[in-house]
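Chemist: model the following, please.
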Amino acid sequence: MKRVIFSLLMTMFFFMSNGQKVNFKFYEGIKEGALKMKMEQQISNLLTEINVANAANRNLDYTKVAINQDAQSSLENMWESFHLKTEELDISSECILFKEYYRVRGISVEINDQKGSYEGDDFRELVIDLDKTGRIVKVMFGQPQHMYEKIYSEGERLGDMERRMQIIQWCEYLAKAYCDKNMNFLDAVYSEDALIITGKIQMQYRREKMDGVKLSPEATVVYTEQTKTEYLNNLARIFKAKKYVNVLFENFEVLRHPAKPNFYGVTLTQKWFTPGYSDVGTLFLIWDFTNEDEPRILVRTWTPEQVESEFSIHDFELP
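Modeler: Predicted structure coming up:
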């Protein structure tokens, strides 16, 4: 009788696992060989585990996945608040080669908000980085494929495609750092003398008629400046108070400084979600790529979505 029950359980597990099994393949970007096969297998194993763990409502098990601690931590931060599952079981993607690692983009996943606490888009695109040995080293949410292709095309047209790809990469790292509550990364990426400007809408009332009979509300934006230390201290308090932070960047516009080619202004839409609070606004960043391995943010401004952002790269004096 025990054998029958064990056999039934194994059969159920087999069908559940195979019903969630993902088969991932590269269609271009890397030559055939052992490394390609290993990376495909690791990504397949990870996505399969995500599906099976989601279906069983359990924690992730990395037994069959070659993955470092940073990538595990990112996934576990997500998993604590919401689960994921892939839209498709047969997935193919391009392999993008960077200096020290390989990147896979455009893996569509659905958010499974089992706890009812998630606020944000129901579908996101996963980015996975692997090192030269085929081990998974980063897992994060990335830009929608159409946005990535738009910026790629602009870079080809303007002759700075590689730099624009670096900018997208670092902006994705930035969003990941907020989601991971990674204060070490944020401390490193913001310049010591970074200028932080945050806008806040205030309602003021003006007289609609000369006799003052009627008052009409008018929205104005009041800006507050912070130093890097003030900004990070406030951020640390938010991270401590909130169970999760979900940050999404969209709608990138990238502008290279006409006289200083290592400086780029990036305007994007930021969607911010935490338990009990969410907002959408325009984020403007000035990146300094003088050291392209360790770029720094010199300026960060945020403006509520209700008003048009007033900032550009020409508004600030650069080194």
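
Chemist: so where's the stretch 201-319 of the chain uncertain?
Modeler: Low-confidence segments of the stretch 201-319 of the chain, defined by pLDDT under 70: 201-220.

Chemist: if we use 80, what do you get?
Modeler: Residues of the stretch 201-319 of the chain meeting the criterion pLDDT under 80: 201-221, 306-310.

Chemist: all strands for it, in order.
Modeler: Assigned by DSSP state E, counting those that start in this stretch, the strands in the stretch 201-319 of the chain fall at 215-226, 246-256, 263-274, 277-288, 296-304.

Chemist: give the buried residues for the third one.
Modeler: Along strand 263-274, these residues count as buried under the neighbour rule (16 or more other C-beta atoms under 10 Å): Phe263, Tyr264, Gly265, Val266, Thr267, Leu268, Gln270, Lys271, Trp272, Phe273, Thr274. Backbone N, C-alpha and C define where each C-beta goes, glycine included.

Chemist: elements contacting it?
Modeler: Strand 263-274 is packed against helix 161-180, strand 246-256, strand 277-288, with contacts defined by 3 or more C-beta pairs under 8 Å, 6 or more residues apart in numbering; DSSP states H and E.

Chemist: kindly report the same for the second one.
Modeler: Counting contacts by 3+ C-beta pairs under 8 Å, 6+ apart, strand 246-256 packs against helix 145-158, helix 161-180, strand 263-274.

Chemist: contact partners of the helix or strand following the longest one?
Modeler: Along the chain past helix 161-180, the next helix or strand (assigned with DSSP states H and E) turns out to be helix 183-189. Outside helix 183-189, the residues that touch it by C-beta atoms under 8 Å, 6 or more residues apart in numbering are 170, 173-174, 177-178, 232, 235-236, 239, 294-297.

Chemist: distance between helix 183-189 and the chain's centre?
Modeler: 15 Å (C-alpha atoms, centre = their mean, to the nearest Å).

Chemist: ditto for stretch 301-319
Modeler: For stretch 301-319, the separation from the chain centroid amounts to 21 Å (computed by C-alpha atoms, centre = their mean).

Chemist: CA atoms of it as PDB?
Modeler: Listed next in PDB are the C-alpha coordinates belonging to stretch 301-319 (Å, rounded to 0.1, in the frame of the first residue of the first chain):
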ATOM      1  CA  THR A 301      15.200  65.200  -9.800                       C
ATOM      2  CA  TRP A 302      11.700  63.900  -9.300                       C
ATOM      3  CA  THR A 303       8.500  65.700 -10.500                       C
ATOM      4  CA  PRO A 304       5.000  64.500  -9.900                       C
ATOM      5  CA  GLU A 305       3.200  63.200 -13.000                       C
ATOM      6  CA  GLN A 306       0.600  65.900 -12.800                       C
ATOM      7  CA  VAL A 307       3.100  68.500 -14.000                       C
ATOM      8  CA  GLU A 308       5.600  68.600 -16.800                       C
ATOM      9  CA  SER A 309       9.200  68.200 -15.700                       C
ATOM     10  CA  GLU A 310      11.200  71.400 -15.800                       C
ATOM     11  CA  PHE A 311      14.700  69.800 -15.800                       C
ATOM     12  CA  SER A 312      17.200  69.000 -18.500                       C
ATOM     13  CA  ILE A 313      20.900  68.400 -18.800                       C
ATOM     14  CA  HIS A 314      21.400  72.100 -19.800                       C
ATOM     15  CA  ASP A 315      20.100  73.300 -16.400                       C
ATOM     16  CA  PHE A 316      23.100  72.200 -14.400                       C
ATOM     17  CA  GLU A 317      26.800  73.100 -14.200                       C
ATOM     18  CA  LEU A 318      28.900  70.000 -14.800                       C
ATOM     19  CA  PRO A 319      32.500  69.300 -13.800                       C
END
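
Chemist: could you give the number of residues near the nearest residue to Trp272 once chain neighbours are set aside?
Modeler: Take Trp272 and drop its neighbours on the chain: the residue closest to it by C-beta to C-beta, 6 or more residues apart in numbering is Asp279, 5.2 Å away. Using other C-beta atoms under 10 Å as the criterion, Asp279 is surrounded by 12 other residues.
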